[in-house]
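K.L.:
here's my sequence, what's the structure:
(2 chains)
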Amino acid sequence: MRKALRLPRGWDQQLIFLGPCLVFFLTIVVMPFILGFYYSSTDWNGLDLDKAVWTGSANWMRIFTNDDKFWESLSFTLRFTAVSVVAANVLALLLAFILMTALKTKKLLRTIFFMPNVIGGILLGYIWQFIFTKGFATIGELTGIHFFQLPWLGTPGTGFWGLVIVFVWQTAGYMMVIYIAALAGIPKDLVEAAQIDGARAPQLFKSVYLPLIMPAITICLFLTTSNAFKMFDLNLSLTKGGPGTSTQSLAYNIYAEALINNRYGLGTAKALLFFFAVSLITITQVWLTKRKEVSA
Amino acid sequence: MMNSSRYRSRTFILEIAAILLALVFLSPFYLVLTNSVKSLKEILVDAASFPQVFLWENYSKVWKAIDFPQAFWSSLQITVLSVIFIVLFSSMAAYRIARKPTRFNSFVFMLLISAMIIPFQSLMLQLVRVTSILELRGELYGIVACYLGFGMPLSVFLFHGFIKTVPFELEEAARVDGSNPYGVFFRIVFPLLLPIVVTVIILNTLWIWNDYLLPVLVIGGNKDLTTLPVAVTKFFGQYTKKWDLALPGLVLAVTPILLFFLTLQKYIVEGVTAGSIKG
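P.N.:
Model (predicted):
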């Protein structure tokens, strides 16, 4: 007897194993992504989509010719990313090296340095809002140290560094864990051989450790770069982009455009540009560091 | 002899330096904790000193103001449900992709991996639209569905990498013994995935519990589903800073996830390491 409909073998398994994952991924991620290409060319105001009028390249023209704030926030985001990625990874690597030595409090210290990461963006930002506005001010009064008396979060410059400090404080412990794992994987005899050959600490670091932990560096740079570039929670809870719009990250600019100015169409266009920028930056970074990877 | 004593004193100095650095790292928590039991007046006058009187009622006030039991319960429900389904669906999908790498399945895998680059802001406005059309907004299943979508790519990737290391012979043996494909997966393969299941649970729990923007957009006005991070934001208006309420609020919001971390820290650190090396 012939079956009326012939389905490929194992179609039921394909459906049951892959189906649920695909349904949610397609609805929540792929569909909005594709819709973005359409909405970015409309004047959608977020409320009634039926009235969203196709405006062609108007949003794009506006971004490229008449939207200084967007480019200011891009420049802010690039500066913030560059500074905090370097700072977070240098600190993380330093912590990893310190905590690789035979300290008695090693385990406790690892826990402490990792802790800020567990708490996460918005709450950490609020904690630091208190530290910057009240804690630092009081310490400044008591000690007279200029650093603590600065108007933290009050000026564009200090606001920038305030965000960097919190980002580094939050991220360094996470990256430290990855670096520790990489350092622990380096064969001991390789280090000993270099030491017998007379390599001193700086040389040992440059010629033995660094090349061997390059895969970890690739990962950590990728994670910190994409996180710093996409910074939103900290921005919202620490400075709200202020004073003015001087510390507005790209992610926050998009949020403000849509949810405060009710320009969803324009926001979507910016979000699409944002996606291209994130892809370009992270792919370039991974490509650059990948080339430096060696195997032991 | 000389060498070893020099080594020891160097280690000691390093240890002291590391401990000092750790204290600096912890100082924000200290300031938040001590000020959370002060009166607003005392906070404004002197935020650095130890509290003169402990105003524990700050905590009971905040407990009521943010309706802590409700906020905790909705955070817990959302996180637990999302994580369970992420583990289930992404392990199943990864298994199928790893064992049957047809052209279609490999394409799906590539699609999932590339989606990891997409920043949330690039999707959020259209997602608001999609979730209202599908009537997911303001509903528990709605926000869980969103976390499933966003959690899937990394989780499938982690499972996929791990499943490739699981020997195929075990499955064949089970199949010969007459087990059907679903039995093979749930009875034989899934238990072997435990290490990576733990990693997937931990990585997803941390970000879902702490997430702010997605609940704001998708849960919106439904007060019964307000999560902890969202509940605490109400103390941080533009002009008023009621630190005597805001600080206990922060402590209450931070405590559950901190306890989660401290009890499971060994697994969390391992999970983070496994997650990043694969990712």
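
K.L.:
check contacts around the residue of chain A found nearest chain B.
P.N.:
Closest residue of chain A to chain B, CB to the nearest CB: A:Ile28 (2.4 Å). C-beta coordinates here come from the backbone N, C-alpha and C atoms, glycine included. Residues near A:Ile28 by CB atoms under 8 Å, 6 or more residues apart in numbering or on different chains: B:Leu127, B:Val130, B:Ala145, B:Cys146, B:Leu148, B:Gly149, B:Phe150.

K.L.:
how many residues are close by A:Gly159?
P.N.:
Neighbour count of A:Gly159, defined by other CB atoms under 10 Å in any protein chain shown: 24.

K.L.:
go ahead and confirm it touches A:Pro243.
P.N.:
Yes: A:Gly159 is in contact with A:Pro243 according to CB atoms under 8 Å; the separation is 6.9 Å.

K.L.:
on that earlier part again, in helices, which of the contacts of A:Ile28 fall?
P.N.:
When the contacts of A:Ile28 are checked against helices (DSSP state H), the matches are B:Leu127, B:Val130, B:Ala145, B:Cys146, B:Leu148, B:Gly149, B:Phe150.

K.L.:
out of these, who's near chain A?
P.N.:
B:Leu127, B:Val130, B:Ala145, B:Cys146, B:Leu148, B:Gly149, B:Phe150 (CB under 8 Å from any CB of the partner chain).

K.L.:
CSV please, covering these and showing neighbour count.
P.N.:
As requested, these are exported to CSV (neighbours: other CB atoms under 10 Å in any protein chain shown):
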residue, neighbour count
B:Leu127, 26
B:Val130, 18
B:Ala145, 21
B:Cys146, 29
B:Leu148, 26
B:Gly149, 25
B:Phe150, 26
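
K.L.:
so what's A:Leu108 up against?
P.N.:
Applying CB under 8 Å, 6+ apart, the residues contacting A:Leu108 are B:Ala22.

K.L.:
quick one, phi psi at it?
P.N.:
Note on A:Leu108: its backbone torsions stand at phi -60, psi -40 [degrees, to the nearest 10].

K.L.:
what about the host helix or strand of B:Phe12 and chain A, any contact?
P.N.:
Element membership for B:Phe12, per DSSP states H and E: helix B:2-35. Yes: for helix B:2-35, a contact with chain A is found by CB under 8 Å from any CB, at B:11, B:14-15, B:17-19, B:21-22, B:25-26, B:28-29, B:31-32, B:35.

K.L.:
among those residues, which one has the most neighbours?
P.N.:
Across these, neighbour numbers were computed from other CB under 10 Å; B:Asn35 holds the maximum, 28 neighbours.

K.L.:
test my guess that it contacts A:Lys134.
P.N.:
Yes: between B:Asn35 and A:Lys134 there is a contact under CB under 8 Å: 7.5 Å.

K.L.:
so for those two, which residues contact both of them?
P.N.:
B:Ile43, B:Ala47, B:Trp243.

K.L.:
sorry, back to before: so the residue of chain A closest to chain B versus B:Ile86, what's the distance?
P.N.:
12 Å (CB to CB, to the nearest Å).

K.L.:
equivalent analysis for B:Asp177, please.
P.N.:
On the measure of CB to CB, B:Asp177 and B:Ile86 end up 31 Å apart.

K.L.:
the more surrounded of these two?
P.N.:
For B:Asp177 versus B:Ile86, neighbours defined as other CB under 10 Å are more numerous around B:Ile86 (28 against 9).

K.L.:
quick one: which helix or strand includes that one?
P.N.:
With DSSP H and E as the criterion, B:Ile86 is inside helix B:68-99.

K.L.:
quick check: neighbours shared by A:Ile28 and B:Ile86?
P.N.:
Counting by CB under 8 Å, 6+ apart, the shared contacts of A:Ile28 and B:Ile86 are B:Leu148.

K.L.:
low-confidence stretches in the chain?
P.N.:
If you meant another chain, say so; for now it's chain A. A:1-5, A:48-50, A:295-296 (pLDDT under 70).

K.L.:
my bad, the chain I had in mind was chain B
P.N.:
B:1-7, B:238-240, B:277-279.

K.L.:
ok, back up a step: including distance to A:Phe229, could the ones in helices among the contacts of A:Ile28 go into TSV?
P.N.:
Formatted as TSV, the ones in helices among the contacts of A:Ile28 follow (distance: CB to CB, whole Å):
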residue	distance to A:Phe229
B:Leu127	20
B:Val130	25
B:Ala145	27
B:Cys146	22
B:Leu148	25
B:Gly149	22
B:Phe150	18
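
K.L.:
what is the orientation angle of the host helix or strand of A:Phe70 with helix B:2-35?
P.N.:
According to DSSP H and E, A:Phe70 maps onto helix A:68-100. Relative orientation of helix A:68-100 versus helix B:2-35 (axes from the mean of the first three to the mean of the last three CA atoms, to 10 degrees): 130 degrees.
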